[in-house]
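1. output the structure for:
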Amino acid sequence: MRARWLAGFAVLLLAASVEAQEEDDPLAELAALGDAVAETGPEGGGSIRAKKDVDQEASKRLKDRRNLEAKVELVKVGAFPAVAVKLKVIKPAKEGAGKGVQKNSSLVVLPKLKVDGGKISLEDPETLRNAGAFYLKRGDKVMVRLGPSKGKVWEAEYIERK
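-> As a prediction, this is how the structure comes out:
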């Protein structure tokens, strides 16, 4: 009885495989679809990212001799985008206000934010960039261009994660 059942099952499997071979191969259809997508994509397996233009302004900002390099020690946030950042200087600036700051010294910076009509103007590109300091975390390395100071509290004309 069991042998008869197994023989019947084998016949059904054989019939199903023959029928499947007569129908279109679904994997062949997928391969053709993949070929069509590859023809419309980047050539040579190139990456879309590889074609992204370099932000020349960011490169200039990061290499500015007025910048100092620092590591974030503490971040105190207020209502967005108000923030105070305590930094430890890794590399002092070669020019400007940050030139006199010593390596390994700590200072507090407040990012410069443009205010229009009592509201912070996030349409201003420099304000928008400096508002990013709100999201800094302890241990982040940053480039900072120092402005005027009051003791160890400085206004950051520019602050950006490195």
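2. what's around residue 81, how many residues?
-> Using other C-beta atoms under 10 Å, residue 81 is surrounded by 18 other residues. Every residue, glycine included, has its C-beta placed from N, CA and C.
3. and it, helix, strand or coil?
-> Here residue 81 is coil, with the state taken from DSSP: H, G, I helix; E, B strand; the rest coil.
4. which residues in this structure form helices?
-> 2-22, 26-40, 56-63, 125-131 (DSSP state H).
5. and those helices, which one is worst for confidence?
-> Here the lowest mean pLDDT among the helices of the chain goes to helix 2-22, at a mean of 50.
6. hey, what's residue 84 bridged with?
-> Beta-bridge pairing for residue 84 (DSSP bridges): residue 76.
7. pretty sure it is touching residue 76, no?
-> Yes - judged on C-beta atoms under 8 Å, residue 84 makes contact with residue 76 at a distance of 4.6 Å.
8. compare neighbour counts for the two and give me the winner.
-> Between residue 84 and residue 76, residue 84 has the larger neighbour count (other C-beta under 10 Å), namely 15 against 10.
9. ok, now how distant is that one from residue 131?
-> 14 Å (C-beta to C-beta, to the nearest Å).
10. identify the residues contacting residue 122.
-> Listed by C-beta atoms under 8 Å, 6 or more residues apart in numbering, the contact set of residue 122 reads 81, 128, 131.
11. now do the phi/psi pair for it.
-> phi -80, psi 0 (degrees, to the nearest 10).
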